[in-house]
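>>> Have a look; sequence and predicted model below, questions after that.
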Amino acid sequence: MIGRSRTYRPSLWARIFLSESWKLVLSASSSDRIRLQLGADDDIPCLDVAEVSSSKALLWHTVEIRSKGRVDALSGLTAKSAQTLRDDLLAFVNQHLAELIDSDKERLREVDTKIRAITDSNQQYLAHADVSRAIASVPGNASFALAHPLFDANLIPATLRAYLPTSFSMLTDPAVRSRYNENFVVHEMQKFDGFFSNLGGFSLSQEQREACIRLEDNNLLVASAGSGKSATMVGKVAYVLEKGLYQPGEILVLAFNKSAADELKERIAKQLGIDEDALECRVTTFHALGRGIIEETEGKPPQLANWVEHPAGEARVIDKIIRELMDTNEEFKRLWIDLLSILPKADIPAEVFDSEADYNRYIADRNDQSGSTIGTLAEIYVRSLQEQRIANWLWVHSVEFEYEKQISFEEEDGSQRFVQPDFHYPLTDTFHEHFAINADGSSPFDNYLEHMQGKRAGYKREELDFFETTSAQARDGTLLQRLEAELVKRDIPLIEKSTEEILKAIEPVVITHYQKLIGVCIKHIRASQLTLEMLLERAKSLHDKPRAQHFARAVWLITQAYSRKLDEAKRIDFDSMIGDAVRLVETGRYQSPYSLILVDEFQDISDPRANLIKALKHQKPFTKVFAVGDDWQSIYRFAGSDITIFTQFEANFGACWQGRLEQTYRCNQLLADTAARFVQRNPAQITKTVRSTRAGIPRSIRVIPVTVEWRKPSFPAACFQLLERLDTFLESIAGQWRQQEGHKLKVLVLWRYNLLDPFGGQIPQFSNIEVTGLSFHRSKGLEADYTVLLDVSEGDYGVPSRIEDDELLNLVIPRPETYAYAEERRLFYVALTRASRGTFILCNRRKPSRYIRELCEIADDDVRFEAVDGKELDQCPRCLVGQMVERQGRNNTTFYGCNQFPECSHTQKTTRLSGEKICRQDRERPTTLQVK
Ligand SMILES: Nc1ncnc2c1ncn2[C@@H]1O[C@H](COP(=O)(O)OP(=O)(O)OP(=O)(O)O)[C@@H](O)[C@H]1O
């Protein structure tokens with residue numbers, strides 16, 4: 001209880017960043033209001049407060065107070081002070097509620113009668129809001145206070161609590177209400193058995209039925225791939241209307257995109273037996289809803305910028321802004337050229353990676369036994385990203401140099417020692433070593449210091465012109481200044497190449513990568529009103545600080561130009577449109593008709609969209625939210641989605657019922673199990689057990705290594721050959737699957753990046769299969785009998801795509817994911833779970849994806865390695881992704897070695913396929929395709 005006045009302010013350091021500071025006072029002398037100074041003095045009546053929540057923003061925690069007609073965000077708090085402020089606010093409001101109840105105790109009996117009337121009839125599921133709504137219908141202060149959304153019996157004096165009639169336990173004791181509801185669900189399942197047994201042509205599963213019946217204030221249905229989310233959404237709308245719990249116009253169904261909204265609308269109308277035009281429930285997208293709210297309130301539609309409705313529009317406008325800034329802003333030009341030429345990739349310390357192999361994969365552009373694997377603009381390969389930085393800088397400044405030119409020193413004992421200085425500048429015959437030493441003089445490598453001292457002494461003895469740079473300088477951002485100073489000292493001319501020449505040499509993918517990152521950052525910077533200071537502060541926590549600082553400054557300039565462009569044209573983008581709609585709802589200018597809000601694909605929700613749902617929910621008392629999604633399929637981070645809104649649903653929306661849909665109607669049990677275990681290797685994903693209605697098909701995961709010709713494997717050729725083989729095979733067993741004349745099985749050909757599209761718009765026709773081709777992302781929500789996944793190989797643009805997991809995203813994402821390639825793993829999960837009967841995974845024979853190895857670890861013999869013609873390949877028992885191939889030993893002996901050598905040096909005398917089983921379990925396995 002608040003016995004004296006308390007004052008709260010942002011923490012001292014946060015005040016530096018905040019454009020507007022605030023002060024909040026909880027005063028014992030005015031117990032009916034919260035005193036808040038935010039801009040101007042503004043009190044909030046306790047009875048107006050609907051919600052107090054705290055969340056982590058970019059640099060600090062924020063407490064948000066939602067009350068009638070306003071939302072106040074109190075930023076700049078530490079986690080502890082945010083928690084204290086939230087607790088104190090709830091206690092303060094409840095103290096006032098207790099006073100009101102105490103002043104009107106006689107009414108409590110009437111309230112008791114009201115509660116008994118609704119519980120005794122066992123008519124409906126009872127959420128906290130339903131009980132509160134019944135109480136609120138009794139006039140007077142006591143019922144008003146008891147029905148308040150923040151009323152918490154534990155926070156009122158024990159003497160008053162003792163006074164509450166026993167029926168109040170329905171409101172005050174969650175266990176009592178939960179018992180009532182458990183009982184209700186069992187009875188309702190029986191009562192509505194006929195209804196649920198024929199919904200949209202299906203009989204809903206028990207978990208689907210339960211999800212239809214449950215109606216807490218907040219509900220999260222955690223689904224799995226192919227578990228029938230849409231059928232459940234349709235079922236829920238039909239059920240609540242059947243029971244008359246809501247008027248159709250009170251129901252809002254939100255889908256992720258227009259085609260999903262259209263499909264849901266069609267299915268709901270069909271289920272209700274009415275025309276789509278006659279459907280009174282609102283089934284729509286966030287964008288259409290936002291637009292409608294603005295249009296209805298302001299009498300005219302929002303003026304959207306002309307680029308936002310075109311799929312490539314945003315990328316084009318970012319590109320245009322970059323070109324304009326290059327012409328007009330010298331600071332930007334420097335930053336942008338540096339990012340592209342010198343800082344293309346984050347220099348992450350090796351110890352951050354799980355293994356040395358992972359680190360090598362991250363830095364390498366090519367496989368090379370000599371260890372020089374990283375490409376440079378100077379068209380030589382170097383060994384580390386810091387050396388790449390140096391080589392690229394030298395190239396940009398037209399400095400002639402040699403890399404690792406071999407020279408010899410005479411040692412003190414007269415012997416010759418051969419060394420390869422990192423860089424040699426022939427103009428002045430200067431040698432340059434870049435030493436891997438930290439600021440304190442230590443090195444991460446064994447014997448490195450000794451070796452370094454030997455080199456230093458050698459240069460001195462030979463009286464060679466020598467200078468050194470260090471990793472420490474690369475980390476603190478002084479490396480290139482130091483290099484420049486050394487070259488200038490020696491009068492080596494530095495002639496910067498023209499911008500055109502530099503841009504021409506940059507790989508287009510580097511530019512596209514940065515532009516995509518910029519698109520995500522602009523969204524977050526604008527939505528969370530981040531400042532340059534905040535971005536620079538956040539840059540300090542990244543591994544590659546110089547790169548992060550460069551990027552922060554560049555993206556800040558681009559964001560300002562982007563906002564200016566919108567302001568000048570008096571236009572807004574989608575996120576601002578949603579933001580404007582949120583403000584209209586929060587200030588009460590828009591009156592929401594919705595009491596039940598259903599949200600599909602909730603795993604892809606972004607902050608602005610979540611804010612719109614919260615605003616609608618809090619504006620109309622007793623509104624409920626039912627969100628459906630699959631956290632394993634969250635794949636739209638680049639469009640601003642934040643998976644933590646899903647995984648921390650309660651923190652965002654309040655206490656909730658959480659249900660599961662764990663039965664899949666799509667993937668056979670082998671595919672479902674393997675994919676589930678694969679995605680759950682990231683411990684941050686919600687744990688689920690997926691059961692399939694289709695029995696497992698042995699060896700329904702097939703890996704086809706494609707041979708490298710002319711440096712690249714031909715995936716289109718392999719894909720066509722495979723499709724023909726599949727078509728021929730299905731013809732031979734048509735009797736097992738063909739249901740009617742003309743019936744074909746569906747095949748989805750999927751790829752990570754569109755440049756892999758083997759069809760170029762010309763989909764081949766077959767007699768037994770109907771082929772569709774599209775990207776992993778676009779395949780979401782689709783299903784097929786078979787899938788063919790192209791180029792599941794290691795590489796910057798492979799699977800996982802290394803380029804996507806850039807640490808720069810952590811500059812703007814409030815709650816970054818820590819698991820490596822978390823989103824790429826989910827994306828591969830989406831691709832894997834499109835098939836019901838089987839999947840063919842095509843990979844570069846030299847660089848199979850690490851994910852293939854993981855699938856082998858999980859599914860063991862059920863992953864079959866085969867050639868594109870179907871011939872089984874002998875899989876290496878050690879590395880799991882290589883194949884045993886015949887090799888010639890000394891003395892003309894023959895043996896079998898793994899084709900992944902030198903990464904895997906496994907050898908054996910015979911091939912498993914010749915009869916001898918080497919390691920894998922000796923089980924009988926089908927070797928041809930199977931159809932079930
Ligand atoms: N109760 C049911 N009985 C039989 N089949 C069902 C049932 N519910 C859904 N299905 C079928 O299961 C398949 C998957 O359903 P749906 O596409 O809605 O799943 P989803 O959960 O949205 O999948 P994903 O998230 O992977 O896109 C569909 O073919 C659908 O017709």
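Cool, the structure landed.
>>> In the chain, where is pLDDT below threshold?
Residue ranges of the chain with pLDDT under 70: 1-3, 17-20, 40-41, 311, 367-370, 710-711, 913-932.
>>> What residues does the protein have near the ligand?
Contact residues, the chain versus the ligand (CB under 6 Å from any ligand atom): 202-205, 208, 223, 225-231, 630, 633, 665-666, 781, 783, 833. To be clear about C-beta, it is placed using only N, CA and C from the backbone, and glycine gets the same treatment.
>>> Now which of the residues you listed would you call buried?
Buried residues within the residues of the chain next to the ligand, counting neighbours by 16 or more other CB atoms under 10 Å: 204-205, 208, 223, 225-231, 630, 633, 666, 781, 783, 833.
>>> Now stretch 44-61 - C-alpha only, CSV.
In CSV, the C-alpha atoms belonging to stretch 44-61 read as follows (Å, rounded to 0.1, in the frame of the first residue of the first chain):
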residue,chain,number,x,y,z
ILE,A,44,-4.7,10.2,-15.1
PRO,A,45,-7.8,9.2,-13.1
CYS,A,46,-7.2,5.7,-11.6
LEU,A,47,-10.6,4.5,-12.9
ASP,A,48,-9.5,5.4,-16.5
VAL,A,49,-6.5,3.1,-16.4
ALA,A,50,-7.1,0.0,-18.5
GLU,A,51,-3.7,-1.6,-18.5
VAL,A,52,-0.2,-1.2,-17.1
SER,A,53,2.5,-3.1,-18.9
SER,A,54,6.3,-3.1,-19.1
SER,A,55,8.5,-4.1,-22.0
LYS,A,56,12.1,-3.9,-23.1
ALA,A,57,12.9,-1.4,-25.8
LEU,A,58,16.2,-0.9,-27.5
LEU,A,59,18.3,0.5,-24.6
TRP,A,60,16.0,0.4,-21.6
HIS,A,61,12.6,-0.7,-20.3
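>>> Show me the contact partners of stretch 428-443.
384, 386-387, 390, 407, 421-425, 444-445, 448-449, 452, 455, 459, 464-472, 475-476, 483, 486, 490-492 (CB atoms under 8 Å, 6 or more residues apart in numbering).
>>> Between the two ends of that stretch, how far is it?
Stretch 428-443 has its terminal residues 30 Å apart, counting by CA to CA, to the nearest Å.
>>> For the stretch 701-850 of the chain, which segments are assigned as helices?
715-732, 734-737, 822-832, 850-859 (DSSP state H, counting those that start in this stretch).
>>> Same list (those) but as TSV, adding distance to S398 and mean neighbour count.
As requested, these are exported to TSV (distance: least, CB to CB, whole Å; neighbours: other CB atoms under 10 Å):
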stretch	distance to S398	mean neighbour count
helix 715-732	39	18
helix 734-737	66	11
helix 822-832	38	23
helix 850-859	40	20
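>>> who wins for proximity to S592 among these?
Closest approach to S592 among the helices of the stretch 701-850 of the chain (CB to CB): helix 822-832, 32.8 Å.
>>> Could you check the angle the closest one makes with helix 850-859?
Between helix 822-832 and helix 850-859, the angle comes out at 60 degrees (axes from the mean of the first three to the mean of the last three CA atoms, to 10 degrees).
>>> Using CSV, write out every CA atom in helix 822-832.
In CSV, the C-alpha atoms belonging to helix 822-832 read as follows (Å, rounded to 0.1, in the frame of the first residue of the first chain):
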residue,chain,number,x,y,z
ALA,A,822,17.5,-18.8,-36.2
GLU,A,823,15.3,-17.4,-38.9
GLU,A,824,17.1,-19.4,-41.6
ARG,A,825,16.4,-22.6,-39.7
ARG,A,826,12.7,-21.7,-39.5
LEU,A,827,12.6,-21.0,-43.2
PHE,A,828,14.1,-24.4,-44.0
TYR,A,829,11.5,-25.9,-41.7
VAL,A,830,8.7,-24.2,-43.7
ALA,A,831,10.2,-25.6,-46.9
LEU,A,832,10.5,-29.1,-45.4
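>>> What lies in contact with it?
Helix 822-832 has contacts (CB under 8 Å, 6+ apart) with 225, 632-635, 637, 671, 674-675, 678-679, 681-682, 684-685, 750, 752, 776-777, 779-780, 787, 789, 792, 799-801, 804-805, 817, 819, 839, 851.
>>> check contacts around whichever residue of the stretch 1-150 of the chain sits closest to the ligand.
Nearest residue of the stretch 1-150 of the chain to the ligand: Y125, at 21.1 Å (CB to the nearest ligand atom). By CB under 8 Å, 6+ apart, the contact set of Y125 is N181, F184, V185, E188, I213, R214, L215.
>>> Next, work out how far apart the last one and the ligand are.
Note on L215: its distance to the ligand, by CB to the nearest ligand atom, to the nearest Å, is 20 Å.
>>> again with the third one
Here V185 is placed at a distance of 18 Å from the ligand (CB to the nearest ligand atom).
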